[in-house]
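# structure for this input, please:
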Amino acid sequence: MSGMEVIFAPDCREAFERAGLEFPEREPEPGRLCRFPTNGRKDDAAGWLRIFPDQNGAAFGDWRSGAAFTWQRQKDGPPPNPGELAAIRARAEEARKQAEAEREQGYQEAARKAAATWQAAEPATAHAYLERKGIAAHIARERGGWLVIPVFDQDGGIQSVQSVSPTGEKRFMPGGKMTGGRCWIGEPTEAGPLVLCEGYATGASIHEATRWPVACCFTAGNLRRVACDVRERFPRAKLVIAGDDDRATEGNPGRTKALEAARVVQGIAVFPSFDSGQGSDFNDMAQQAGPEALRRLIADTVEPPPTLWPADSGSIADYLDTPPPALHWFAHERLLANRAHLLTGMGGTSKTTVLYHLGIAAVTGRLPWGWQIERTGAALLLLAEDDAANVHRVIANHARHADLSPHERRLIAERLKVFPMAGQACRLLAAGPNGTLHETKEAAGLFALAKRIPELRFIALDPALALTEGDEMSPAHQRRLGELADRLALETGACVVLASHAAKASNMADELGSHTSRGSGAITDAVRGELALRTMTAAEARKYGISDTAERKAHVQLTLTKSNAAPPAAFVPVWLKRGTGGLLSVAELAESETGTIGTRERKALDLLRELSALEAPQLKDWREACDAAGLLTGRNEEARKKSMQRILRALMAAGEIEPGMRKGVYAPVAGGEE
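As a prediction, the model looks like this:
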């Protein structure tokens with residue numbers, strides 16, 4: 001397994017220290033699998049270790065986090081060569097596979113024992129734990145004075161059991177699987193709200209107060225896994241994550257994990273409320289405030305009672321004599337600092353290049369086209385269709401051709417973060433069975449990453465289509481993506497720009513308007529601003545005296561097409577020119593005077609003058625001469641005839657030629673442009 005980190009250390013204990021794991025209390029036996037806790041609980045067995053028979057190496061890790069390591073005893077002499085290192089990894093991978101096979105075998109054996117324990121238990125009646133918690137037994141049974149609670153897998157099979165003593169001591173079946181385990185109190189259906197919580201007593205209290213089905217997941221870390229299973233089985237159900245409020249524990253894992261699970265499945269998170277400082281779960285709340293208070297809190301959170309709308313007075317009296325809050329810009333009067341924007345354009349209009357320029361501007365404070373950058377700091381570019389080689393080429397081009405100072409190069413190296421994601425999972429929104437979009441773990445990871453970057457000023461997401469499983473023709477799906485981008489901006493304070501493909505008609509428009517994105521325009525409605533890119537049209541090229549197609553295609557127009565805050569001057573288009581390495585700069589364009597002609601037309605006129613020196617040529621002869629000189633475009637005869645007609649019309653309009661005495665004959669005008 002190439003992902004296993006190899007640790008060279010004098011002994012296995014030191015390798016554990018470097019890996020951040022505690023060495024097992026029980027001395028491991030070489031060649032045999034050793035299980036140990038990684039969360040501080042004695043009944044936990046997420047850690048695994050297999051020391052090789054020669055005791056010079058081992059494979060170990062944590063199944064809960066997925067971390068895996070290889071220890072190799074450090075020896076004097078040169079480090080291992082690639083072949084030896086490959087052998088070490090192969091040996092460790094084999095040990096890992098054996099450990100996983102033994103774990104699975106242990107799960108199966110524990111499941112058999114759990115099923116036998118469950119079958120041997122009797123229905124619980126009076127039990128000290130139930131009495132102390134103030135709950136009914138529901139599905140729980142009793143055996144040997146211990147309460148027995150089944151732990152089911154997603155298919156309804158028993159994978160483990162939890163045993164609870166009269167004093168509240170809890171034990172799971174040794175070696176049993178807990179990941180994804182749950183115990184339903186009440187039958188789940190698509191019809192009503194489905195609640196997920198941690199402990200059995202908590203679940204019983206919620207079910208008794210609300211009569212809703214409740215899945216007890218046993219641990220906070222298990223909420224997300226079970227919630228995903230339940231969402232897949234009941235795609236239209238309203239999911240409620242009733243979390244513990246572990247405010248006395250560092251990091252409040254109960255609240256943190258409940259919020260995470262709710263976000264992933266688009267559920268509703270709810271937490272208990274206490275008048276005193278005592279208590280952490282809904283069973284504690286039920287015992288302190290009563291089941292009706294519990295029911296009301298959960299019901300009002302899930303289905304809030306109707307309120308007056310709008311809720312405030314509607315008075316604007318204070319606004320008459322007080323200054324409004326200042327707008328925060330990333331690019332002055334163009335792009336807001338803490339909101340999302342859309343950048344649209346057809347393929348080949350340099351959308352990604354514009355994003356690179358904006359990202360570098362966020363770091364250095366300057367753009368090639370002169371927009372004023374008000375807030376500098378770090379930038380993050382998520383490029384779903386680029387690989388590392390693409391990024392390397394672009395950055396190298398900027399380094400060679402962008403006239404960067406040593407200070408700017410240092411800032412770019414330190415603060416520009418580019419993530420090429422071609423071939424990797426990067427969907428931020430995934431579709432459920434009923435077509436509803438929900439945020440993925442990649443989306444949660446992006447939010448977490450962005451919030452960890454100090455002074456993050458700019459985020460680019462490119463392209464929109466690769467970041468969602470939604471239908472670009474669906475207004476609901478497109479709006480969901482725009483809302484996610486805007487929430488990312490609001491939560492990070494960065495300017496977020498989402499790149500989207502434009503409709504084909506936009507490239508031929510004389511003047512770009514808003515909602516140019518391909519598919520549903522709802523994505524534009526969900527963001528605060530829109531920029532549009534397009535290449536120069538043939539008519540515009542003639543206006544600026546450009547006759548060469550390659551020269552025309554080198555010019556792109558950048559236009560602000562939507563903004564609720566920008567002044568009218570901000571909507572004036574900017575002409576940019578693609579130069580060396582694709583880098584953009586302000587195009588130096590001047591409108592041609594009436595009657596002037598381009599390079600192609602001038603060369604055709606020179607050929608006509610040469611032919612006319614002998615006798616007035618037929619149009620056919622002139623066209624053949626132009627074709628031989630490479631002045632006509634088109635792959636077939638008909639296309640080249642049309643190209644000749646365009647040259648003819650341009651020269652006629654410029655007053656450079658005139659019809660001859662015979663039909664199909666044209667002659668240069670005496671005194672025309674030389």
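
# quick one: the helices in the stretch 501-650 of the chain, in order.
522-525, 538-543, 549-553, 599-612, 619-628, 637-653 (DSSP state H, counting those that start in this stretch).

# ranking those by burial, who's on top?
helix 522-525 (a mean of 22; mean count of other Cβ atoms under 10 Å). The way it works is simple: take the backbone N, C-alpha and C, and place the C-beta from them, glycine included.

# kindly export that helix (C-alpha atoms) in PDB.
C-alpha atoms of helix 522-525 as PDB (Å, rounded to 0.1, in the frame of the first residue of the first chain):
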ATOM      1  CA  ALA A 522     -30.800  30.700 -11.700                       C
ATOM      2  CA  ILE A 523     -27.100  30.400 -10.800                       C
ATOM      3  CA  THR A 524     -26.700  34.100 -11.700                       C
ATOM      4  CA  ASP A 525     -29.700  35.000  -9.400                       C
END
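
# now the helix ranked longest in the chain: how far from the chain's centre is it?
Using DSSP state H, we find that the single longest helix of the chain is helix 82-120. Distance, stretch centre to chain centre, for helix 82-120: 34 Å (Cα atoms, centre = their mean, to the nearest Å).

# one more: stretch 653-667?
62 Å.

# straight-line length of it, end to end?
14 Å (Cα to Cα, to the nearest Å).

# which residues sit against that stretch?
595-597, 601, 605, 608, 612, 616-620, 622, 648, 651-652, 668-669, 672-673 (Cβ atoms under 8 Å, 6 or more residues apart in numbering).

# got it, and stretch 245-257?
Here stretch 245-257 has contacts from 198, 220-221, 223-224, 243-244, 271-272, 280-281, using Cβ under 8 Å, 6+ apart.

# of these, which is the nearest to His398?
If you rank the contacts of stretch 245-257 by distance to His398 using Cβ to Cβ, Arg224 comes first, at 40.8 Å.

# could you find the closest non-adjacent residue to that closest one?
Nearest non-adjacent residue to Arg224, counting by Cβ to Cβ, 6 or more residues apart in numbering: Ala261, 4.2 Å away.

# again, but for Gln98
That would be Arg50: by Cβ to Cβ, 6+ apart, it lies 6.8 Å from Gln98.

# quick check, the one you found in a strand?
Yes: judged by DSSP: H, G, I helix; E, B strand; the rest coil, Arg50 forms part of a strand.

# how many neighbouring residues does it have?
23 (other Cβ atoms under 10 Å).

# what of Val302?
Neighbours of Val302 using other Cβ under 10 Å come to 18.

# who's in contact with it?
Val302 neighbours (Cβ under 8 Å, 6+ apart): 193, 238, 240, 268, 270.

# pull the most distant pair out of these.
Maximum distance among these (Cβ to Cβ): 11.8 Å, for Lys238 and Val270.

# between those two, which one's more packed in?
Neighbours per residue, other Cβ under 10 Å: of Lys238 and Val270, the larger number sits with Val270, 22 against 17.

# spatially, what comes nearest to that one if we skip its sequence neighbours?
Per Cβ to Cβ, 6+ apart, closest to Val270 is Thr301, 4.4 Å.

# immediately after the host helix or strand of that neighbour, which helix or strand?
Assigned by DSSP states H and E, Thr301 falls within helix 291-302. Using DSSP H and E, the helix or strand that directly follows helix 291-302 along the chain is strand 329-331.

# neighbouring contacts of that next one?
So strand 329-331 is in contact with 335-337, 358, 361-362, 367, 371-375, 457-458, 494-495, going by Cβ under 8 Å, 6+ apart.

# per-residue confidence averaged over the helix holding Thr301?
When pLDDT is averaged along helix 291-302, the result is 92.
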